[in-house]
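Q: Here is my input; please provide its structure:
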Amino acid sequence: IYFLYQQYQNDNGQTCYAPIGFIPVYLYYAYPDKKRPRISRMLFLLPYQRRSHGRCLLTAIYNDLRKDFRIQDITGIEVFSIRKFNGNFF
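A: Model prediction:
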């Protein structure tokens, strides 16, 4: 699981971290000795949505996975959205 955090200083001057979102990556077997990572979903907290955090984290994940010579390919994610309508989610 890849996490994205915001680093900030609290009133006491201590460094703190607040979660922004995460992207889980599952590694599947690919014949004969390779791996096939699957990026299953992206979840970012509402105040941080539509601010390019997802794109930046997804780019970092792709760059990290490309470094591993055992990676055969990277499978995509399912795209969905939750919309709010009259106070109810559908």
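
Q: Please give me every residue in contact with the residue nearest to the spatial centre of the chain.
A: With distances taken as C-alpha atoms, centre = their mean, the residue of the chain nearest its centroid is Ile23 (2.5 Å). Contact analysis of Ile23 by C-beta atoms under 8 Å, 6 or more residues apart in numbering lists Ile1, Tyr2, Ile39, Arg41, Met42, Leu43, Gly54, Leu57, Leu58, Ile61. For the C-beta atoms, the positions are set from N, CA and C on the backbone; glycine is no exception.

Q: remind me which residues of the chain are low pLDDT?
A: Where the chain drops to pLDDT under 70, the residues are 77-90.

Q: So which residues of it form helices?
A: Using DSSP state H, the helices of the chain run over 53-66.

Q: Kindly provide the distance from the residue lying farthest from the centre of it to Tyr2.
A: What lies farthest from the middle of the chain is Asn12; by C-alpha atoms, centre = their mean that is 30.6 Å. Distance, Asn12 to Tyr2, by C-beta to C-beta, to the nearest Å: 29 Å.

Q: got it, and Ile74?
A: Using C-beta to C-beta, one gets 13 Å for the distance from Ile74 to Tyr2.

Q: can you list residues touching both of those two?
A: By C-beta under 8 Å, 6+ apart, no residue touches both Ile74 and Tyr2.

Q: how about the contacts of Ile23 in a markdown table, adding distance to Tyr29?
A: Below are the contacts of Ile23 laid out as a markdown table (distance: C-beta to C-beta, whole Å):
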| residue | distance to Tyr29 |
| --- | --- |
| Ile1 | 19 |
| Tyr2 | 21 |
| Ile39 | 17 |
| Arg41 | 21 |
| Met42 | 24 |
| Leu43 | 26 |
| Gly54 | 28 |
| Leu57 | 25 |
| Leu58 | 23 |
| Ile61 | 19 |
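
Q: which of those count as buried?
A: Ile39, Met42, Gly54, Leu57, Ile61 (16 or more other C-beta atoms under 10 Å).

Q: who touches the second one in this structure?
A: The neighbours of Met42, taking C-beta under 8 Å, 6+ apart as the test, are Gly21, Phe22, Ile23, Gly54, Leu57, Leu58, Ile77.
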